[in-house]
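**Q** For reference, the sequence and a predicted model appear below.
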Amino acid sequence: MSHKLSGKVALVVGGASGIGRAIAELFHAEDAYLAVADYNDEGCAELSRQLVDRVTAHSVDVASDSSVQALIQDVIAAHGHIDVLVNSAGILDETAFLDMSTDTFDRMIGINLRGIFVVSRLVAAHMVERREGRIINIASQLALKGGTGLAHYCAAKAGVLGLTKSMARELAPFNVLTNAIAPGPILTPMLGGLSDEWIAAKEAELPLGRFGRAEEVAPTALMLAASPDGDLYLGQTLGPNSGDVM
């Protein structure tokens, strides 16, 4: 590895599985000090045991302000500061628009959009005080094109893109760079929330002809987190998406 994050402290929220885990593993391989946070306590603990050194595991519920506040305090107490934040926590389920309850919609927005706002607001205040930082929000290509049975998910991820651009403008004067990654369909446990029919139809649409793997998304996050690689990226949405959006 090229040690691109040597000495940096990275907090990966939603790091116990899927894209978040792949990013956490790559960041650690590039010499970052790593804080992995997730609602899945055992997944975090297992990853911490796997990586052994320079890593701490933290429990968090991004739908709870107090849980997020405790997380940020714990990470700063353990590592001293936070250089890079990756917001990768999220849920996914398939529900027809006409059958969707308000509670279902609110839960999706609460975790996939509001959670990113709450975590980012607290971490950004810390980064602004230090006059440096990188924030990377994981969105989805469906934010740009919509998806059948996924109105709540698409609305949340579209919100992430708007939030990212606004954060980028406000935080740039403090040398805090905010960007988003909008992956296409990726082979992760989140696909368990989708029907076999949805998955087959989506795969048939892709110019590349296949879903991506989490380890194929992680290098995009590394580029945005590293210097000089990501120094000029601000308010951007990068799309490792198998050609689903061009």
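**A** It's in.

**Q** Could you list the low-pLDDT ranges of the protein?
**A** The model of the chain has pLDDT under 70 over residues 1.

**Q** And the strands in it, which stretches?
**A** For the chain, applying DSSP state E gives strands covering 9-13, 33-38, 55-59, 84-87, 133-138, 176-181, 186-187, 212-213, 237-238.

**Q** Need those strands in JSON lines (columns: distance to Glu46 and mean neighbour count).
**A** The C-beta positions use only the backbone N, C-alpha and C, and glycine is treated the same way. Output for the strands of the chain, formatted as JSON lines (distance: least, CB to CB, whole Å; neighbours: other CB atoms under 10 Å):
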{"stretch": "strand 9-13", "distance to Glu46": "14", "mean neighbour count": "28"}
{"stretch": "strand 33-38", "distance to Glu46": "10", "mean neighbour count": "28"}
{"stretch": "strand 55-59", "distance to Glu46": "9", "mean neighbour count": "20"}
{"stretch": "strand 84-87", "distance to Glu46": "19", "mean neighbour count": "28"}
{"stretch": "strand 133-138", "distance to Glu46": "21", "mean neighbour count": "25"}
{"stretch": "strand 176-181", "distance to Glu46": "24", "mean neighbour count": "26"}
{"stretch": "strand 186-187", "distance to Glu46": "19", "mean neighbour count": "18"}
{"stretch": "strand 212-213", "distance to Glu46": "20", "mean neighbour count": "16"}
{"stretch": "strand 237-238", "distance to Glu46": "29", "mean neighbour count": "18"}
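
**Q** I'd like those written out as TSV, with distance to Ala156 added.
**A** Formatted as TSV, those follow (distance: least, CB to CB, whole Å):
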stretch	distance to Ala156
strand 9-13	15
strand 33-38	18
strand 55-59	22
strand 84-87	12
strand 133-138	11
strand 176-181	13
strand 186-187	17
strand 212-213	20
strand 237-238	15
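
**Q** wait, which of the ones you listed is closest to Asp231?
**A** Across those, Asp231 has its closest neighbour in strand 176-181 (7.7 Å, CB to CB).

**Q** So in the chain, which helix runs the longest?
**A** When the chain is parsed with DSSP state H, its longest helix is helix 151-171.

**Q** other SSEs contacting it?
**A** On a contact count with 3 or more CB pairs under 8 Å, 6 or more residues apart in numbering; DSSP states H and E, helix 151-171 meets helix 102-109, helix 115-130, strand 133-138, helix 142-145, strand 176-181.

**Q** possible to save these as CSV with distance to Val13?
**A** Below are those laid out as CSV (distance: least, CB to CB, whole Å):
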stretch, distance to Val13
helix 102-109, 17
helix 115-130, 6
strand 133-138, 9
helix 142-145, 19
strand 176-181, 14
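
**Q** out of those, nearest to Thr188?
**A** With distances scored as CB to CB, the stretch of those nearest to Thr188 is strand 133-138 (11.0 Å).

**Q** which residues sit against the closest one?
**A** 14, 19-20, 82-88, 90, 116, 120, 123-124, 126-127, 160, 163-164, 167, 171, 175-181, 183, 221, 224-225, 230 (CB atoms under 8 Å, 6 or more residues apart in numbering).

**Q** who does that strand pair up with?
**A** Here strand 133-138 is paired, per DSSP bridges, with strand 84-87 (parallel), strand 176-181 (parallel).

**Q** got the angle between it and strand 9-13?
**A** Calculated by axes from the mean of the first three to the mean of the last three CA atoms, to 10 degrees, strand 133-138 forms an angle of 20 degrees with strand 9-13.

**Q** Would you check the distance separating strand 133-138 from the middle of the chain?
**A** Offset of strand 133-138 from its chain centre (CA atoms, centre = their mean, to the nearest Å): 8 Å.
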